[in-house]
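Asker: what shape does this take:
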Amino acid sequence: MDSNSSRSPCPRWQRRPAERPREILEAAWLEFAESGFGGATLSEVARRAGVSVATVAHYFGTKAELFEAVVAEQALADVAGDEQLLASRPASYRELLHALLTRMWTRLQAPGKPDLVLVVLGEMSAFPQSAQLLFRQLFERSRRTLVAVLAAGPAAGEFDVPDAEGTAHVLAATLLGATLNLHFIGPCCTDGPSSERVLPALLAATDRIVGRPGPITP
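Answerer: Residues are numbered from 1 along each chain as shown. Down below sits the predicted model:
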């Protein structure tokens with residue numbers, strides 16, 4: 001009898017070692033979202049991922065380094081995708097603005113994202129300096145993408161936006177406020193909003209914010 005056939009199946013993480021970092025990052029995402037940065041522990045991340053604390057530390061080092069890896073893995077790809085969309089040749093800047101806001105809205109609704117938003121808003125000052133810097137860079141890159149579209153729209157005769165920077169802040173705040181309302185305030189109300197209703201309303205409100213260009217005078 002082949003001695004290999006009598007062995008018990010290997011644990012999940014031993015059978016698929018290449019997937020261990022991904023599983024740890026997914027577990028860490030949920031742990032940070034539920035417990036916050038201060039309350040999260042490597043031991044709980046390890047329990048969720050089905051690995052040892054030593055394995056988590058082997059791949060990601062300290063809790064602060066793991067937190068940065070989670071943010072980078074989740075957010076950097078999102079921002080890069082927005083920038084790639086901006087680099088495309090849109091049929092119109094209004095359609096591009098709608099596509100960008102739809103992407104941003106969709107990722108804000110992903111499991112664990114609204115909770116992590118609250119963690120970031122409430123605990124940013126407690127994050128390691130490197131993590132604070134990473135968040136600021138991400139926020140800045142995301143804002144620049146919106147500003148670029150809002151600045152190009154008037155030049156193409158599609159928007160009436162005298163202040164692209166200010167309008168970008170308004171649209172970002174609208175997305176954030178709608179997300180917090182949907183997930184944390186709406187459930188307290190008997191007639192709370194649904195995600196299916198919120199996005200079309202956001203896009204319609206955006207069209208009113210950016211307006212239509214006025215008549216061109218010689």
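
Asker: hey, let's count contacts and neighbours off CA atoms from now on
Answerer: OK.

Asker: so in this protein, which helix runs the longest?
Answerer: For the chain, the longest helix by residue count, based on DSSP state H, is helix 129-155.

Asker: which parts of that one are buried?
Answerer: Within helix 129-155, the residues that count as buried by 16 or more other C-alpha atoms under 10 Å are 131-132, 134-135, 138, 141-154.

Asker: give the contact list for residue 42.
Answerer: By C-alpha atoms under 8 Å, 6 or more residues apart in numbering, the contact list for residue 42 reads 53, 56-57, 63.

Asker: any low-confidence regions in this protein?
Answerer: By pLDDT under 70, the low-scoring segments of the chain are 1-16, 213-218.

Asker: can you list the domains in it?
Answerer: 13-61, 74-218 (automatic domain parsing).

Asker: let me have the ones you listed in CSV, extended by distance to residue 68.
Answerer: Shown next, in CSV, are the domains of the chain (distance: least, C-alpha to C-alpha, whole Å):
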stretch, distance to residue 68
domain 13-61, 9
domain 74-218, 6
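
Asker: which of those sits most buried?
Answerer: Most buried of the domains of the chain by mean neighbour count (mean count of other C-alpha atoms under 10 Å) is domain 13-61; its value is a mean of 17.

Asker: return the distance of the longest helix of the chain from the chain's centre.
Answerer: Chain-centre distance of helix 129-155: 13 Å, with C-alpha atoms, centre = their mean, to the nearest Å.

Asker: check which helices and strands it sits against.
Answerer: Here helix 129-155 touches helix 63-71, helix 77-87, helix 93-108, helix 164-180, going by 3 or more C-alpha pairs under 8 Å, 6 or more residues apart in numbering; DSSP states H and E.
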